[in-house]
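Student: Just need the structure, nothing else, for what follows:
(one chain, ligands or ions: 1)
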Amino acid sequence: ATKPYDDQNIFAKILRGEIPSKPVYEDEFALAIPDINPQAPTHILVIPKGAYVSWEDFSSRGSDAEIAGFIRAVGKVARDAGLVEPGYRMLANTGADAHQTIGHLHVHLFAGRPLGPMLV
Ligand code: 5GP
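Tutor: Numbers count the residues shown, from 1 in each chain. From the prediction side, this is the model:
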């Protein structure tokens, strides 16, 4: 089982508007923001609006509508940002060994340079 959701995490505060952000995309299911510490020329975080700790939590407990809506949103963010050509990487760290540092699911999108092979 995953840890219980802590609504004081930074992405929860951003979703509630308590911390300002500059969304590149928003809809019913997702908010997308530039990463504060980008690891590539384009590094976007796509955050589901529901209170889910991780991919594990979301994929097991999320409704079909939320899952479909969120996955569609991730694709749309990448498409609208022009990442499809020449390509992008998406990644979701889940849990301690994966170095998940914020307890609200977020999908990373990396693009803007050749990313090379995955490290792991
Ligand atoms: P994780 O390691 O949990 O998968 O990734 C967390 C990401 O959130 C990191 O890439 C980090 O730079 C980013 N981040 C942490 N705090 C903030 C913040 O306040 N605003 C934004 N936009 N990104 C953040």
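
Student: Please make it C-alpha for all contacts and neighbour counts, starting now.
Tutor: Noted.

Student: measure G87 to the ligand for me?
Tutor: The spacing between G87 and the ligand, counted by Cα to the nearest ligand atom, to the nearest Å, is 19 Å.

Student: ok, and the closest non-adjacent residue to that residue?
Tutor: Leaving aside its chain neighbours, G87 sits nearest to A111 (6.7 Å; criterion: Cα to Cα, 6 or more residues apart in numbering).

Student: show me the contacts for the one you found.
Tutor: Contacts for A111 (Cα atoms under 8 Å, 6 or more residues apart in numbering) come out as A40, P41, T42, H43, L83, G87, Y88, R89.

Student: is it in a bridge, and if so with what?
Tutor: T42 (DSSP bridges).

Student: And the pLDDT for it?
Tutor: Listed pLDDT for A111 reads 98.

Student: can you check K3 too?
Tutor: Here the pLDDT value assigned to K3 is 83.

Student: One more: S63?
Tutor: Value for S63, per-residue pLDDT: 98.

Student: what do you get for the one 10 residues further on?
Tutor: Here the pLDDT value assigned to A73 is 98.

Student: what do you get for the one 4 residues further on?
Tutor: Taken from the predicted model, the pLDDT recorded for V77 is 98.

Student: can you check the one 4 residues further on too?
Tutor: As summarised for this prediction, A81 has a pLDDT of 97.

Student: Equivalent analysis for L119, please.
Tutor: 81.

Student: follow-up on the earlier one: ok, the residue nearest to G87 to A92 distance?
Tutor: Here the criterion is Cα to Cα, to the nearest Å. By it, A111 lies 15 Å from A92.

Student: can you check E85 too?
Tutor: E85 is 21 Å from A92, by Cα to Cα.
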